[in-house]
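In: this one's sequence-less:
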């Protein structure tokens, strides 16, 4: 199980080969001897599938279920023993983003899937590989081969896992060429002056998930863009003409991020404001000192009006009258 032609069994040293239906029948006289049955072809290759012995069903001893040979078989009545084989399928993978755009295998560092039984498998990034694609299962009607389903666990590029863990599934028995999906998005950056508004800076630096840096030139409006980035966390920093301010984002869709930058104009304005702040406590005293010096410059020597005019010294003196002539003395005449 599954029905495989050409599988060789040995019964007490005599070999028998299964036919097109995957069965072989042996008839012997009833006896009381213990017989030994072994599977000789423990592995069988058929094109894109290869099979390996897994277990027996119907053997006498439970502890021999997973051994290639079973012993102590009686020959007293008709009996059927099943040999179950697990299958591996040859699978070739390709990779694409969510829009169907091919992802170069050279840009990937690893790919990992997990089977429905919880076993992890690391895939080759190029070429084909063999994956278990059927597993024998005991059913009420007997053993049956059940297809194995896998889910994409990780698809790593530039240090980031771009797969949706556990969401994408495929079954190798039905699909020998699955396409695994990784997620990429575009990022647009707008750099603005932190205080004055408007565009700022000359370029923008992007730190990638693996620590490498990517640069883009800003246009006249302070904009730049990065296309087809792996879904991951990034750090964006503006450069040129001021103090950079970094911003971290989680890129999980097409996004535009605004980055602030302290420009040289901002620094000059800030320095002026700081200077005014520091000088503010001394301003009243400075104003009073200036007024005093201005008043001193306008006052005349020896005293004068504070406003620079003539000093008020009282009524203007009048000029003294000339002395009058002495009265003439007339002597009497005789």
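Out: Received the coordinates, thanks. Computed from a prediction, not measured in an experiment: that's the story for all the values here. Numbering: from 1, shown residues only.
In: From here on, just use CA atoms for contacts and neighbour counts.
Out: OK.
In: Helices of this protein, start to end?
Out: Ranges of helices within the chain are 264-279, 283-298, based on DSSP state H.
In: what's the least confident stretch among those helices?
Out: Set side by side, the helices of the chain differ in mean pLDDT, and helix 264-279 is lowest with a mean of 56.
In: tell me the mean pLDDT for stretch 62-71?
Out: Stretch 62-71 carries an average pLDDT of 93.
In: Just the buried residues of it, please?
Out: If you call a residue buried by 16 or more other Cα atoms under 10 Å, then stretch 62-71 has these buried ones: 65, 68, 69, 70.
In: Name the residue closest to the centre of the chain, please.
Out: In the chain, the centroid-proximal residue (Cα atoms, centre = their mean) is residue 232; its distance is 1.1 Å.
In: Who does it form a beta bridge with?
Out: Per DSSP bridges, the residues bridged to residue 232 are residue 251.
In: Check residue 243 too.
Out: Per DSSP bridges, the residues bridged to residue 243 are residue 262.
In: so it makes contact with residue 260?
Out: No. Judged on Cα atoms under 8 Å, residue 243 makes no contact with residue 260 at a distance of 9.5 Å.
In: Between these two, tell me which one has more neighbours.
Out: Ranked by neighbour count (other Cα atoms under 10 Å), residue 243 and residue 260 place residue 260 first, with 23 against 17.
In: Return the residues in contact with that one.
Out: 191, 192, 193, 194, 238, 244, 245 (Cα atoms under 8 Å, 6 or more residues apart in numbering).
In: Model confidence for it, exactly?
Out: 84.
In: From here on, call the first residue 749.
Out: In the new numbering, first residue 749, that becomes residue 1008.
In: Can you tell me how far it is from residue 1002?
Out: For residue 1008, the distance to residue 1002 equals 20 Å [Cα to Cα, to the nearest Å].
In: How about residue 828?
Out: As judged by Cα to Cα, residue 828 and residue 1002 stand 62 Å apart.
In: How about residue 926: what's its closest non-neighbour residue?
Out: Once flanking residues are discounted, residue 926 sits nearest to residue 841: 5.4 Å by Cα to Cα, 6 or more residues apart in numbering.
In: again with residue 805
Out: Excluding its sequence neighbours, the residue lying closest to residue 805 (Cα to Cα, 6+ apart) is residue 830, at 5.1 Å.
In: correct me, but the one you found touches residue 804?
Out: Yes. Contact status for residue 830 versus residue 804: in contact at 5.6 Å, counting by Cα under 8 Å.
In: More neighbours: which of those two?
Out: Neighbours were counted for residue 830 and for residue 804 using other Cα under 10 Å; residue 804 has more, 23 against 15.
In: Is the more buried one bridged to anything, and to what?
Out: Where residue 804 sits in a bridge, its partners, by DSSP bridges, are residue 831.
In: could you list every residue that touches it?
Out: By Cα under 8 Å, 6+ apart, the contact list for residue 804 reads 812, 813, 814, 815, 829, 830, 831, 832.
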